[in-house]
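# have a look; sequence and predicted model below, questions after that.
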Amino acid sequence: MNKTFGVIGGDRRQAELARLLAGDGHDVCTYGLERWKGPGAGSLDRAASAGVVILPLPLCKGDGVLNCEEGAVPTLELFRRLRPRQRVLAGQVRPQQQREAESLGLTVEDYFLREELAVANAAATAEGAVQTALEHLDRTLLGLDCLVTGFGRIGKLLCHRLQGLGARVTATARKPEDLAWIRAYGYRALETGGLDGHLAGFGAVFNTVPFPVLTEPLTAQLPRDCLLIDLASVRGIEAAEGGPEVLWARSLPGRLAPRSAAAAIRDAVYYILLEE
């Protein structure tokens, strides 16, 4: 499989992705990657003319704006440079962008829907969350009471890592079967909607749920020195006046583990192309 790839926009993940693709012997053209200085860098038209165009994860950083270091590039403007016969792949594609692409006869395939990539991304996010906590805590995780809201891929992996470092882990879920799994793994279980009155003893809270789970009245119940890390793509923790500060730690794989994150995206792209 010898392809011409256009890698457009993104963070350090996409810069590493371009390097990996070039290392595999492919022709790579890029745009919007400040950290990529290899051959083919800098031209949007050239990158957009490649046989396979890889757009970032997430695709957008604003309403209708490409996630790109070169400034505001409307997704519709980018799509108008593409052709229906090209393979166009992107991560976390919003309905608006799918409609824009379809109106121009394009098909945008969401590589983040691949389970193998979602799991790899969750593992990197969990590891990055632990790293972020250690950088901001003035104490060890050993013996610390930690709360993880949400028990999806990230929540499961984060609980496992925290427990392995000696933390006392509590996890939340809404479904009875997830609460049963939380208890089976040896964690304390709380219902996500039933946190009121159960928050006074936590030293660190990690949110993985992409909607308000810890509202301001709930956040006010946490100790003032509690570390709050919001891992969700949409804020799930509301800061309370006089309460602990909230770290919104989005896109941790791209910031803390770009090489591993890029390798996972590359593998997902290869699988998609092999399944043509």
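Ah, there it is.
# now residue 186. Nearest residue, chain neighbours left out?
Leaving aside its chain neighbours, residue 186 sits nearest to residue 163 (7.1 Å; criterion: C-beta to C-beta, 6 or more residues apart in numbering). C-beta coordinates here come from the backbone N, C-alpha and C atoms, glycine included.
# and the strands in the stretch 1-150 of the chain?
4-8, 27-31, 52-54, 60-62, 65-66, 87-90, 108-110, 145-149 (DSSP state E, counting those that start in this stretch).
# next one: the helix or strand that the last one is followed by to chain centre, how far?
In other words, strand 145-149. The first helix or strand that comes after strand 145-149 along the chain, using DSSP states H and E, is helix 153-164. Chain-centre distance of helix 153-164: 16 Å, with C-alpha atoms, centre = their mean, to the nearest Å.
# who touches helix 153-164?
If you take C-beta atoms under 8 Å, 6 or more residues apart in numbering as the criterion, helix 153-164 is touched by 118-119, 122-123, 125-127, 129-130, 141, 146, 148-149, 151, 169, 171, 182, 185-187, 206, 208, 231.
# filter these down to just the buried residues.
Buried by 16 or more other C-beta atoms under 10 Å: 118, 122-123, 125-127, 129-130, 141, 146, 148-149, 151, 169, 171, 182, 187, 206, 208, 231, out of the contacts of helix 153-164.
# among the residues you listed, name the ones in helices.
Mapping these onto helices (DSSP state H) picks out 118, 122-123, 125-127, 129-130, 182.
# domain parsing for this structure?
4-113, 118-254 (automatic domain parsing).
# quick one: closest of the ones you listed to residue 266.
The closest of those to residue 266 is domain 4-113. By C-beta to C-beta, the value is 5.0 Å.
# average model confidence for that closest one?
Here domain 4-113 scores 90 as its mean pLDDT.
# show the end-to-end separation of it, please.
The first and last residues of domain 4-113 sit 23 Å apart, counting by C-alpha to C-alpha, to the nearest Å.
# ok, now stretch 189-201?
15 Å.
# from the chain's centroid, how far away is it?
In terms of C-alpha atoms, centre = their mean, the centre of stretch 189-201 is found 26 Å from the chain centre.
# which residues sit against it?
For stretch 189-201, contacts defined as C-beta under 8 Å, 6+ apart pick out 145, 147, 149-150, 170-174, 179, 182-183, 209, 213-214, 217-218, 221-223.
# narrow those to those in strands?
145, 147, 149, 170-173 (DSSP state E).
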